[in-house]
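Visitor: here is a sequence together with a model predicted from it:
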Amino acid sequence: MQIEMVIRTLTTDPITNMPIVVLKESTPPEGEDPRMLPIWVGLNEANSILLQLENVVTPRPMTHDLLKSVIADLNGKVERVVVCDLKENTFYAKIDIRAPQGTVTIDARPSDAIALSLRTGSPVFVEESVIQTARGVDSEHESVDVGRLQKWLESLTDDELGKYKM
C-alpha cells in the first residue's frame with residue numbers, strides 16, 4: 001500500500017550535519033498522528049530542493065529543471081514519485097511518467113524524485129513497507145538510528161522544525 005506524503009521540512013541531522021528531507025503523511029487515519037519519514041540527501045540535492053521550496057529562479061536551468069523540460073517537451077507528465085524501498089539504510093524511489101507510449105517507470109534516488117516532484121507538482125508516495133522498515137532499523141547495526149531521529153522529529157514543534165513546513 002502506498003501512503004501519500006508531503007514535504008514537511010528540510011533540516012539538518014543534529015549528529016551527522018547531513019541534510020534531511022522529512023516527509024509527513026498527508027492524510028493520517030482518523031485519530032492518529034501523521035507519520036514522518038526522514039530521508040538523508042546529498043548537499044547538491046538538498047540545495048536543489050531548497051531552491052524550489054524558496055521559489056528561487058536560477059539564471060540557467062538546474063538539472064531537475066532540465067529534466068522537467070525534457071519530459072514536457074517529449075509530451076510526458078510526471079504522474080507521481082514513490083519511495084519504494086529501503087535496503088541497507090539506502091532509500092530507493094521511482095518516478096512514474098505518463099508518456100505517449102504509456103506509463104514509464106524510472107529508477108531514481110529519492111532526493112532527485114522529490115526535487116522533480118516539487119517542480120512538476122506531482123504527488124509523493126511512500127510504500128507502507130518502507131515506513132515500517134525505517135521505524136524498525138536496528139541502531140546497533142546501522143550508522144544512523146532512523147527510529148531515534150523519527151521520534152525526535154515527531155516531538156519538535158512547528159517553530160523548531162522551521163519555515164519549510166508544507
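Guide: On my side now, so go ahead.

Visitor: just checking, Leu74 touches Gln101?
Guide: No: using Cβ atoms under 8 Å, Leu74 is not in contact with Gln101; the gap is 10.1 Å. Where you see a C-beta, it was placed from the backbone N, CA and C, and this is true even at glycine.

Visitor: how near is Pro29 to Leu43?
Guide: 35 Å (Cβ to Cβ, to the nearest Å).

Visitor: also Gln52?
Guide: From Gln52 to Leu43 the distance is 15 Å (Cβ to Cβ).

Visitor: which one of the two is surrounded by more residues?
Guide: Remark: of Gln52 and Leu43, Gln52 carries more neighbours, 19 against 9, as counted by other Cβ atoms under 10 Å.

Visitor: not counting sequence-adjacent ones, nearest residue to that one?
Guide: In space, and not counting its chain neighbours, Gln52 is closest to Leu118: 4.3 Å by Cβ to Cβ, 6 or more residues apart in numbering.

Visitor: please, which helix or strand holds the one you found?
Guide: helix 110-120 (DSSP states H and E).

Visitor: now for that helix, which elements pack on it?
Guide: Applying 3 or more Cβ pairs under 8 Å, 6 or more residues apart in numbering; DSSP states H and E, one finds that helix 110-120 contacts strand 19-25, strand 36-40, helix 43-53, helix 63-73, strand 77-87, strand 90-99, strand 124-127.

Visitor: so which residue is dead centre in this structure?
Guide: Centrality entry for the chain: nearest residue to the mean C-alpha point is Ile114, 4.7 Å, by Cα atoms, centre = their mean.

Visitor: pretty sure that residue contacts Val6?
Guide: No: in this structure, Ile114 is not within contact of Val6 by Cβ under 8 Å, at 10.5 Å.

Visitor: shared neighbours, those two?
Guide: Common neighbours of Ile114 and Val6 (criterion: Cβ atoms under 8 Å, 6 or more residues apart in numbering): Val124.

Visitor: for the residue nearest to the centre of the chain, give me the pLDDT.
Guide: Looking at Ile114, its pLDDT reads 97.

Visitor: got a list of what it touches?
Guide: Contacts for Ile114 (Cβ under 8 Å, 6+ apart) come out as 7, 21, 39, 41, 49, 81, 93, 124.

Visitor: now with 6 Å, please.
Guide: Counting by Cβ atoms under 6 Å, 6 or more residues apart in numbering, Ile114 touches Val21.

Visitor: what of the one 3 residues further on?
Guide: Ser117 sits next to 81, 124 when contact means Cβ under 6 Å, 6+ apart.

Visitor: please tell me how far it sits from Ile95.
Guide: For Ser117 relative to Ile95 (Cβ to Cβ), the value is 8 Å.
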